[in-house]
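# Next one to model:
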Amino acid sequence: MTFVKKLTFESNDLGIDVNLLLTFDDQSIADGLYKSCYPSAFAVRKFGAEGTYRADVTYRSQLAFTKVTVSNDVIQSASTNVPINVGQSTHFNQGRRSIPFFLPEKNIQCTNNAPFKEDIGVGFIEKEGDAPKTTLVWRDVARGQKLNSEFTPVLRGYIGTDYQENCLIKGQVETDRLFEENLAALDDQTTWAITYDFSTGVFSIDRK
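Residues are numbered from 1 along each chain as shown. Below is the predicted model of the structure:
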């Protein structure tokens, strides 16, 4: 069953300008992350030193595989997408629509049947009819290669990075992780406060 989660991040007179990076970088990938599969900067939100800032992030559990165009490590577009659910598999063909079929597994699978290498992503469809929001990208997937993913909606948050939204994260984020939640376990709507302690130089993200 498809679920939707809305998270609101807030700050009030934070005292310093920061960017909040949100990414799904806690994934079990056969070859490991940062080799041929990379998480994206799913959302980057700015919070200013003075005043009140709010940023909403929405996740919907309808997954999709996508053919993506990547330029300078930034996801530019997704030309083709196939909605898929856990326990289904699909494939990409050149010029033909692909449809999912069922597997007796908990994973999702995709096979590249196009005659050349492709960059293939997996993401989610926020609203019915919208293009998917890509969260993971496999680079240079060879013809006949099968991708197998057990995507888990564990969202992580970092402060103090220079990533821009939709760029690929090529290695582990070097700043401290301040937020980590399995979205499937959260209430449908939650609010999170970002604070900064000048005396210690420590940021916090806490549920209100």
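
# need the contact list for C167.
If you count contacts by Cβ atoms under 8 Å, 6 or more residues apart in numbering, C167 has them with 40-41, 73-75. C-betas here are computed from N, CA, C, even on glycine.

# 10 Å - rerun?
Going by Cβ atoms under 10 Å, 6 or more residues apart in numbering, C167 touches 21, 38, 40-41, 44, 70, 72-75.

# Sitting in strands, which of the residues you listed do you find?
When DSSP state E is applied, the contacts of C167 are split such that 21, 38, 44, 70, 74-75 fall in strands.

# Give me the helix or strand of this structure that scores worst on average pLDDT.
In the chain, no helix or strand scores lower on mean pLDDT, DSSP states H and E than strand 101-102, which sits at a mean of 42.

# how many neighbours does the nearest residue to T175 once chain neighbours are set aside have?
Closest residue in space to T175, ignoring its immediate chain neighbours: G160 at 4.5 Å, by Cβ to Cβ, 6 or more residues apart in numbering. Residues within reach of G160, counting by other Cβ atoms under 10 Å, total 15.

# V4 too?
There are 15 residues near V4, going by other Cβ under 10 Å.

# For it, which residues are in contact?
Neighbouring residues of V4 by Cβ under 10 Å, 6+ apart: 58-62, 124, 126-127, 183, 188-189.

# V137: which of the residues you listed is nearest?
Ranked by distance to V137 (Cβ to Cβ), the contacts of V4 are led by F124 at 13.9 Å.

# one step back: and the ones in strands among the contacts of C167, which are buried?
Buried members of the ones in strands among the contacts of C167, counted by 16 or more other Cβ atoms under 10 Å: 21, 38, 44, 70, 75.

# quick one: the spatially most central residue of the chain from I120, how far?
Nearest to the mean C-alpha position of the chain, by Cα atoms, centre = their mean, lies T135 at 2.9 Å. For T135, the distance to I120 equals 12 Å [Cβ to Cβ, to the nearest Å].

# pLDDT at N112, what is it?
pLDDT, N112: 86.

# nearest spatial neighbour of it, skipping sequence neighbours?
Nearest one to N112, counting by Cβ to Cβ, 6+ apart, is V141 at 4.6 Å.

# quick one: the one you found and N148 touch, right?
No: checked against Cβ atoms under 10 Å, the pair V141 and N148 is beyond contact range at 12.0 Å.
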